[in-house]
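Visitor: Build me a structure from this.
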Amino acid sequence: MSNVIEQMQKDLYEGNADAVKAGVEKALAEGMAAQEILDKGLIGGMDVVGRDFKCGDLYIPEVLLCARAMHTGLDVLKPLLAESHGGTGRASLGKLVIGTVQGDMHDIGKNLVSMMLEGAGFEVTDLGIDTPPAKFVEAVRTLQPKIVGMAAMLTTTMPVMKTVIEALTEAGLRDKVKVLIGGAPVTSAFAKQIGADAYAPDAATAVDVARGLAA
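Guide: Take a look at the predicted model:
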């Protein structure tokens with residue numbers, strides 16, 4: 001691994017956004033390809049963050065800082081990646097739509113999952129909070145993502161996840177997309193009960209599960 005990539009990963013792990021941006025610019029100046037910087041520096045760095053988060057060595061506030069630092073580097077690379085891939089955007093693991101379900105205003109966990117998924121190489125569209133079933137359906141119809149992710153932080157909003165799945169079925173879209181759910185009160189048993197494809201208990205696991213679903 002080159003020194004600049006190694007330092008970029010360290011700076012990302014420390015949540016140092018300015019240093020990550022400078023590292024990306026330095027790597028480009030040294031002639032490194034944008035895709036290599038993305039894969040080895042940013043995604044490679046976030047993989048380490050995800051591993052340590054899962055082990056309990058990092059906590060949500062620290063991971064959010066790491067993800068934001070990753071985004072500063074990604075912002076530098078995006079135009080170059082789009083150009084190198086024929087203007088269609090960077091080579092990705094696929095499109096993914098995510099949102100907190102209707103009636104639920106919580107977004108910290110969903111934001112963390114969204115940023116880590118983008119850091120892992122997904123093309124993420126975040127629908128935000130209080131997302132009605134019709135908005136999920138429309139996003140699946142127009143964007144044609146591989147995966148739709150739903151978050152619920154309240155037991156009272158969990159049933160909306162089932163409503164979304166039913167709405168996708170009624171629209172004839174259910175078999176065209178994988179459904180991944182998560183949130184504090186959500187369980188794997190609930191995921192099976194409502195017909196979701198997968199469940200993730202935390203952001204790092206969500207990345208691993210999404211990679212499996214997109215394969």
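
Visitor: For Pro14, what are phi and psi?
Guide: Just to correct that, residue 14 is Glu rather than Pro. Dihedral pair for Glu14: phi -90, psi 0, per degrees, to the nearest 10.

Visitor: What separation do you get for it and Gln7?
Guide: 11 Å (CB to CB, to the nearest Å). In this view, the C-beta of every residue, glycine as well, is placed from N, C-alpha and C.

Visitor: which stretches of the protein form helices?
Guide: 3-13, 17-29, 34-36, 44-55, 60-84, 108-120, 133-143, 158-170, 188-194, 203-214 (DSSP state H).

Visitor: got those as CSV, with mean neighbour count, distance to Val179 and mean pLDDT columns?
Guide: Shown next, in CSV, are the helices of the chain (neighbours: other CB atoms under 10 Å; distance: least, CB to CB, whole Å; pLDDT from 0 to 100):
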stretch, mean neighbour count, distance to Val179, mean pLDDT
helix 3-13, 20, 30, 96
helix 17-29, 19, 33, 97
helix 34-36, 16, 30, 90
helix 44-55, 19, 22, 92
helix 60-84, 18, 23, 87
helix 108-120, 23, 14, 88
helix 133-143, 18, 9, 98
helix 158-170, 19, 6, 98
helix 188-194, 14, 8, 98
helix 203-214, 20, 9, 93
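
Visitor: And those: which comes nearest Ala151?
Guide: Taking CB to CB, helix 108-120 is the member of those nearest to Ala151, at 4.2 Å.

Visitor: From the centre of this protein, point out the most distant residue.
Guide: No residue in the chain sits farther from the centre than Glu30, which is 29.3 Å out by CA atoms, centre = their mean.

Visitor: Is it in contact with Asn3, as I believe?
Guide: No: with contacts counted by CB atoms under 8 Å, Glu30 stays clear of Asn3, the gap being 9.8 Å.

Visitor: give me every residue that touches the closest residue to Glu62 other than its chain neighbours.
Guide: What sits nearest to Glu62 in space, not counting adjacent residues and going by CB to CB, 6 or more residues apart in numbering, is Gly15, at 6.6 Å. The neighbours of Gly15, taking CB atoms under 8 Å, 6 or more residues apart in numbering as the test, are 62, 65-66, 68-69.

Visitor: What is the nearest of the residues you listed to Val124?
Guide: Scanning these for proximity to Val124, where the rule is CB to CB, the winner is Arg68, at 14.5 Å.

Visitor: what separates that closest one from Phe136, distance-wise?
Guide: Distance from Arg68 to Phe136, by CB to CB: 26 Å.
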